[in-house]
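Q: Kindly generate the corresponding structure for this input.
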Amino acid sequence: MPLKLITAPAIEPLDIEEVKNFLKITDDEDDFLLASLISAARLQAEKITGRQLITASWELYLDNFPAEIIKIPRPPLQSIPYEAPAEGGILYLDSAGDQQTLSATLYRVDAISEPGRVTPAYGYTWPTTYPVINAVTIPFIAGYGDNGGSIPEDILNWIRVMVGVLYENRELAITQALTELKFLDGLLDEYRVWVFG
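A: Model (predicted):
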């Protein structure tokens, strides 16, 4: 299902000083490189786990409403905003092809489950949509929070180690270094999410 990043995380889960302490780096010469490696490691952790680590806003696109439950990717789900940044809440093209905003009273959001879920409110069904691709747009906000404080320590440890691997092997074949340390991905195993499987 198509996803579009609307607002990227404002910060990374670890700051440069934390990583420098972990790697026992005392100078500032490689700060720019370390910042880049932290971002790369965070993106890889998100890819492996299927999660959103730091708060970001997304849009999920569907060709139509499903029979009942819509699973929202990139947990943990924080909310489906009733007022999205540009256009309002859940949007859809009605059977005539006109854009509509689905009233928040017509659906329920489960931000406790992982992945998060959206269902029609009791007694309602999803509306019929125009038969085109991406007829439904669902804005959502996901992530553990606005900083790394709520991210599980295993994920943070994986990021620290990956930054170290990338930093120490930046002049070698990175793919070889990562392949040799594939066992470290086990730190992420319990956090992997299968949204549509």
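Q: got the domain boundaries for the chain?
A: 14-53+147-191, 56-142 (automatic domain parsing).
Q: Any idea how far apart the tips of the longest one sit?
A: The reference is to domain 56-142. Taking CA to CA, to the nearest Å, the first and last residues of domain 56-142 lie 6 Å apart.
Q: Quick one, which of the domains of the chain gets closest to K4.
A: Among these, domain 56-142 comes nearest to K4, with 4.6 Å by CB to CB. C-beta: built from backbone N, CA, C; applies to glycine.
Q: for the record, mean pLDDT for that closest one?
A: Average pLDDT, domain 56-142: 91.
Q: on that earlier part again, what's the closest of the domains of the chain to A8?
A: A8 sits nearest to domain 56-142 of all those, at 5.7 Å, using CB to CB.
Q: For M1, find the nearest of the domains of the chain.
A: domain 56-142 (6.2 Å).
Q: I6 is nearest to which of the domains of the chain?
A: Distance to I6, taken as CB to CB, is lowest for domain 56-142 among these, at 4.4 Å.
Q: Which among the domains of the chain is found nearest to T7?
A: domain 56-142 (4.2 Å).
Q: now that closest one: how far from the chain's centre is it?
A: Distance, stretch centre to chain centre, for domain 56-142: 16 Å (CA atoms, centre = their mean, to the nearest Å).
Q: Stretch 50-63 now?
A: On CA atoms, centre = their mean, the centre of stretch 50-63 falls 5 Å from that of its chain.
Q: And that stretch, end to end?
A: Span of stretch 50-63 from end to end, CA to CA: 22 Å.
Q: ok, and for stretch 97-112, which residues are buried?
A: For stretch 97-112, the neighbour count (16 or more other CB atoms under 10 Å) marks 102, 104, 107, 109, 111 as buried.
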